[in-house]
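>>> Sequence first, then the predicted structure:
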Amino acid sequence: MLLLGLAACGGGGGGSDDSRPPTPVPPATSTYGLSLPRAGLAPEELAVLVVEGDSLSEAIAAYYLSARKVPAANVIRVKLPTKADAISAEDFAALKAQIDAKLPAGTQAQLLTWTAPSRVQGSCAMGITSALAFGYDPKYCVPKAECVNTQASPLYDSESRRPWNDHQVRPAMMLGARSLDAAKALIDRGVKSDGSLPVGDGYLVHTSDGFRNTRAVDFRVLPESWAGRLKLIYQDNSAGASKDIVENQTGVLFYFTGLPTTPGLGSNSYLPGAAGDSLTSFAAQLPDARGQTPVLNWLEAGLTGSYGTVEEPCNFNQKFPKASVLIDQYYRGATLIEAYWKSLQSPGQGLLVGEPLARPFADAPSFKLEAGQYLISSRALRPNASYSLDYQIGSAGAWVTLASFKPAKAELQNLTAPLPPATATALRWRGPCPGQANQQCTLSSSP
């Protein structure tokens, strides 16, 4: 939380010939600080999981801790065979118990510094990042390759800023680098992205592959809805008369498509913090993705985050990132790991890869007193959600609304509110609940 003290109201004293102590002046709320919720996970909230004795994993973790200032106490060393692409459900249960027992209090998310194993195999397969978040459970994957949807995530499009505290879920992401040089380059991109506020080009491609374009209905409305804030391009090749791919482009920030293979990835240049993926079956069934484009190829091409599935998901769009949600969450200050996780309704079969703390649209919320009014600034406010600044007189008094707000779109909000009566003793900031965004909760209050 970002705590900003407000200017104190002044008080007069008696004359020099009056030895009596001045009459105490009751504190007004304008002397109090109110903290606005911080968007985006902090380094101290991230656990870094390391394979003990694995030189690459150890080196990646050391570089990450230095680059991101993650506390050394957040390093969790585990014993894990890294030759196999999958780990059994039984062995994974022991691994997760080992990790959970070592996690520091306050840890909200996890970073894996290995690329194998990348999935957990039982009666069905879960991506290891999802299994670390939820625990292995067949309700999150599809036994016997049935075409059915899977268990939903409580993080989907939520306003939670502390997922473990709010939902008992610690989202995970695999760094996804096959070499130390690749890992350093990826980490450096993530760090460089922070607060860069890119305008970027986002490509939302409706390809000629009829089975892999269930997300297109979400794609087509985004260029208009984000006009003036982000440059998003809906590339419609559903009829097959043009191109299915994006190539030889510069300044790419988003790239979402639906193809089994995605040629030309490396011909583009990507902005730090770029995210993209393809709706297809086996991108995260590493190492070869059964001949499809492996999810790691997106990182090697220069993106900062990507996603794929580890077993046949069928073409349920709920099992793949929803671009409208990812872009909204990212733009409002979420880290990459949060934006990707919140864009996934049913992520059990998925693997998330990238630099988790990348935050191109970093929020710096402030609440201050100026010219006889409160100035409230934040880019984290949810579009079409209700917010209010309230005051209270006495600990048992009713709360009274000073000002209410309902932002129409995601962007930096600069709001004003009048001061409360001098007798007011507390302030509170209300907005969408972390667990239920359609309900209102107290998000912060004065000391």
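All right, it came through fine.
>>> Give me the next element, helix or strand, following the lowest-mean-pLDDT helix or strand in the chain.
Every helix and strand in the chain was compared by mean pLDDT, DSSP states H and E; the lowest is strand 366-370, with a mean of 93. Counting by DSSP states H and E, the element after strand 366-370 in chain order, helix or strand, is strand 373-378.
>>> Can you get me the start-to-end distance on stretch 388-398?
Stretch 388-398 has its terminal residues 15 Å apart, counting by C-alpha to C-alpha, to the nearest Å.
>>> which outside residues touch that stretch?
Contacts to stretch 388-398, defined as C-beta atoms under 8 Å, 6 or more residues apart in numbering, come from residues 29, 374, 376, 399-405, 417, 420-421, 423-431, 440. C-beta coordinates here come from the backbone N, C-alpha and C atoms, glycine included.
>>> 10 Å - rerun?
28-29, 34, 367, 374, 376, 399-406, 415-431, 440, 442, 445-446 (C-beta atoms under 10 Å, 6 or more residues apart in numbering).
>>> hey, where'd the helices end up in the stretch 251-400 of the chain?
Taking DSSP state H, counting those that start in this stretch to define them, one finds helices in the stretch 251-400 of the chain at 295-300, 323-331, 336-342.
>>> quick one: buried residues of stretch 150-167?
Across stretch 150-167, burial judged by 16 or more other C-beta atoms under 10 Å covers 150, 153, 155-161, 163-164, 166-167.
>>> and the residues you listed, which two are the farthest apart?
Maximum pairwise distance among these (C-beta to C-beta): 25.6 Å, between 150 and 161.
>>> residues near residue 80, how many?
For residue 80, the count of nearby residues is 22 (other C-beta atoms under 10 Å).
>>> no no, residue 415
16.
>>> Same question for residue 127.
30.
>>> That one contacts residue 350, correct?
Yes. Counting by C-beta atoms under 10 Å, residue 127 does reach residue 350; the two are 4.8 Å apart.
>>> Between those two, which contacts overlap?
119, 140-141, 284, 295, 307-311.
>>> okay, those in CSV with pLDDT next?
Output for the shared contacts of residue 127 and residue 350, formatted as CSV (pLDDT from 0 to 100):
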residue, pLDDT
119, 98
140, 97
141, 95
284, 97
295, 98
307, 98
308, 98
309, 98
310, 97
311, 95
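>>> Just say which of the helices of the stretch 251-400 of the chain is most tucked in.
The highest mean neighbour count among these, using mean count of other C-beta atoms under 10 Å, belongs to helix 336-342: a mean of 28.
>>> So which elements touch it?
Under the contact criterion of 3 or more C-beta pairs under 10 Å, 6 or more residues apart in numbering; DSSP states H and E, helix 336-342 touches strand 109-112, helix 128-134, helix 163-167, strand 172-174, strand 270-278, strand 305-309, helix 323-331, strand 350-354.
>>> on that earlier part again, and of the shared contacts of residue 127 and residue 350, the nearest to residue 194?
Closest to residue 194, out of all of those and judged by C-beta to C-beta, is residue 307, at 21.1 Å.
>>> And that closest one, how far from residue 41?
To residue 41, residue 307 is 18 Å away according to C-beta to C-beta, to the nearest Å.
>>> quick one, which of these two is more surrounded?
Taking neighbours as other C-beta under 10 Å, residue 307 and residue 41 compare with residue 307 leading, 31 against 22.
>>> just to revisit the earlier point, of the helices and strands packed on helix 336-342, which approaches residue 256 most closely?
That would be helix 323-331 among the helices and strands packed on helix 336-342, by C-beta to C-beta, at 4.9 Å.
>>> Also compute the angle for the closest one relative to strand 270-278, please.
Going by axes from the mean of the first three to the mean of the last three C-alpha atoms, to 10 degrees, helix 323-331 is angled at 150 degrees with respect to strand 270-278.
>>> Tell me the bridge partners for residue 257.
residue 278 (DSSP bridges).
>>> any idea of the pLDDT on it?
Note on residue 257: pLDDT of 98.
>>> number of nearby residues for it?
26.
>>> ok, now the one 4 residues further on?
The number of residues packed near residue 261 is 16, by other C-beta under 10 Å.
>>> Hmm, it is touching residue 288, no?
No. Between residue 261 and residue 288 no contact is recorded; they are 11.9 Å apart, counting by C-beta under 10 Å.
>>> who touches both of those two?
By C-beta under 10 Å, 6+ apart, the residues touching both residue 261 and residue 288 are residue 294.
>>> So residue 97 lies in a helix, does it not?
Yes. Membership of residue 97 in a helix is supported by DSSP: H, G, I helix; E, B strand; the rest coil.
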